[in-house]
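S.K.: When you get a sec, could you give me coordinates for this:
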Amino acid sequence: MCFFIFFAKRGFIMVFWFIIEHTMLPIFVLVLIGFSLDRKFGIDVKTLSKVMFYLVIPSFIFTKVYSTDFPPGSLSLIANIFIFMIICFGLANIVSKIRHYDEGMVQSCRNALMFNNTGNLGVALIILVFSHDPFVVNGQTPYLTEALVAQVIIFIIQSIALNTLGLYQAGRGRLSARDTLKVMFRMPMLYVLVLALLARYLSWDAKDFFFWPIMEMANNALLPLAMLSIGAQLSQTKIHWLDRDVWIVSGLKLFVLPLIGLAMIYIANAVLPGTFTAVSATVFLIYCAIPTAVNTALFAIEFDNNPDYATQIVMNTTALSAISLTCYIFLGHILFV
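M.R.: I've put the predicted structure just below:
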């Protein structure tokens, strides 16, 4: 028992420090750089947002969708991802009604709860978790591939939903439904998504296309440019550290929704045994606990739909997730392994 407690404490510290050093610290340094550059030179956040929307995000979508395979047997995981997003949507509606939000705040709240940072942060965490005990056998990582496949499925579903429904919701907060759809269809994300799916299923080798290296370079610029944009936006924002609405959503995102995800795992396995393995259950629990997607803040900036609120939620959930994610990772070890 004492050995288990000692091992758990060491593991907790290791995971906590890894998350801080390899995920949180680089993110916040980039945000600080964006903040400082705006204070020094005055960054045009709208122009930076246009670069993201018309080059970086489309490149990111195309390269990831084109390169990712959905393995057989992934339908149950996909179904649970959609069910979880519907629950998040409903929870956002309940919060909005209780808090008497206007249309713009309703849509911002939905995006904040529904969409997670499943790309850079999600993949980094999965590699961390499944490259250490108790998932290491004789120095090998036999469960890492299964975990990464599950994580990529989650990322693709979230990415498609964020860049369609999330984009619509961000615009809907300030525009009519008709005008929002007009704006959406003027943006390249939808067309790039369709093109990537066509290229995959028509067996077209997009990597031989001269534009592929450009898309890869733009894809790699997503995280730094997004963080610089958020830093610049924060510099132009009057931050309300005690904003109740920000803290309500942050608390729900990091502490309530993961518990709902945990309940879904047990219910799914009770109804249909084997729906979640120890690996997929751990990945799904981590997905439910990951902070709000950076793109929700970028969308809010682009449509001028409560950008201060959206930006503060991204920063709050990202900072606090260093603690909450570590707790849920260890909870997953205790329950599923």
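S.K.: Show me where the stretch 51-200 of the chain has its helices.
M.R.: Applying DSSP state H, counting those that start in this stretch to the stretch 51-200 of the chain gives helices spanning 57-67, 75-99, 103-114, 120-129, 144-161, 167-172, 177-186, 188-201.
S.K.: CA atoms of the fourth one as CSV?
M.R.: As requested, C-alpha coordinates have been extracted for helix 120-129 and formatted as CSV (Å, rounded to 0.1, in the frame of the first residue of the first chain):
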residue,chain,number,x,y,z
ASN,A,120,-1.6,19.6,-30.2
LEU,A,121,-2.5,19.2,-26.5
GLY,A,122,-4.6,16.0,-27.0
VAL,A,123,-1.9,14.1,-29.0
ALA,A,124,0.9,15.2,-26.7
LEU,A,125,-1.0,13.9,-23.6
ILE,A,126,-1.8,10.6,-25.3
ILE,A,127,1.8,10.0,-26.2
LEU,A,128,2.8,10.8,-22.6
VAL,A,129,0.3,8.6,-21.0
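S.K.: picking up where we left off before, and of the helices of the stretch 51-200 of the chain, who's closest to I214?
M.R.: With Cβ to Cβ as the criterion, I214 lies closest to helix 57-67 of those, at 7.4 Å. The C-beta positions use only the backbone N, C-alpha and C, and glycine is treated the same way.
S.K.: So what touches the closest one?
M.R.: 119, 155-156, 159-160, 163, 188-189, 192-193, 195-197, 199-200, 206, 212, 214-219, 222, 295, 298 (Cβ atoms under 8 Å, 6 or more residues apart in numbering).
S.K.: Which of those residues are buried? Put it as a ChimeraX command.
M.R.: The ChimeraX selection below is limited to those of the contacts of helix 57-67 classed as buried (16 or more other Cβ atoms under 10 Å):
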select :119,155,156,159,160,163,188,189,192,193,195,196,199,200,206,212,215,218,219,222,295,298
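S.K.: quick one on the thing from earlier: just tell me which of the helices of the stretch 51-200 of the chain ends up closest to L242.
M.R.: Of the helices of the stretch 51-200 of the chain, nearest to L242 by Cβ to Cβ is helix 75-99, at 15.3 Å.
S.K.: Identify the residues contacting M85.
M.R.: Contacts of M85 (Cβ under 8 Å, 6+ apart): 114, 161.
S.K.: quick one: the residue nearest the centre of the chain from A79, how far?
M.R.: Among the residues of the chain, N117 comes closest to the average C-alpha position under Cα atoms, centre = their mean, at 1.7 Å. N117 is 22 Å from A79, where distance means Cβ to Cβ, to the nearest Å.
S.K.: got it, and G261?
M.R.: 14 Å.
S.K.: ok, the two, which is more surrounded?
M.R.: Neighbour count, other Cβ atoms under 10 Å: between G261 and A79, G261 has more, with 21 against 12.
S.K.: Tell me if the more buried one really is in a helix.
M.R.: Yes - assigned with DSSP: H, G, I helix; E, B strand; the rest coil, G261 falls within a helix.
S.K.: Can you tell me, leaving aside adjacent residues, what's nearest to it?
M.R.: C288 (3.0 Å; Cβ to Cβ, 6 or more residues apart in numbering).
S.K.: That neighbour is in contact with F84, isn't it?
M.R.: Yes - judged on Cβ atoms under 8 Å, C288 makes contact with F84 at a distance of 6.5 Å.
S.K.: gap between stretch 46-56 and the chain center?
M.R.: 19 Å (Cα atoms, centre = their mean, to the nearest Å).
S.K.: tell me which residues in it are buried?
M.R.: By 16+ other Cβ under 10 Å, the buried positions in stretch 46-56 come out as 48-49, 52-53, 55-56.
S.K.: Sketch out the low-pLDDT regions of the stretch 51-200 of the chain for me.
M.R.: 68-73, 120, 124, 133 (pLDDT under 70).
S.K.: what about D304, how many residues close to it?
M.R.: D304 has 12 nearby residues by other Cβ under 10 Å.
S.K.: Revised request: answer the last question for L234.
M.R.: So L234, with other Cβ under 10 Å, has 22 neighbours.
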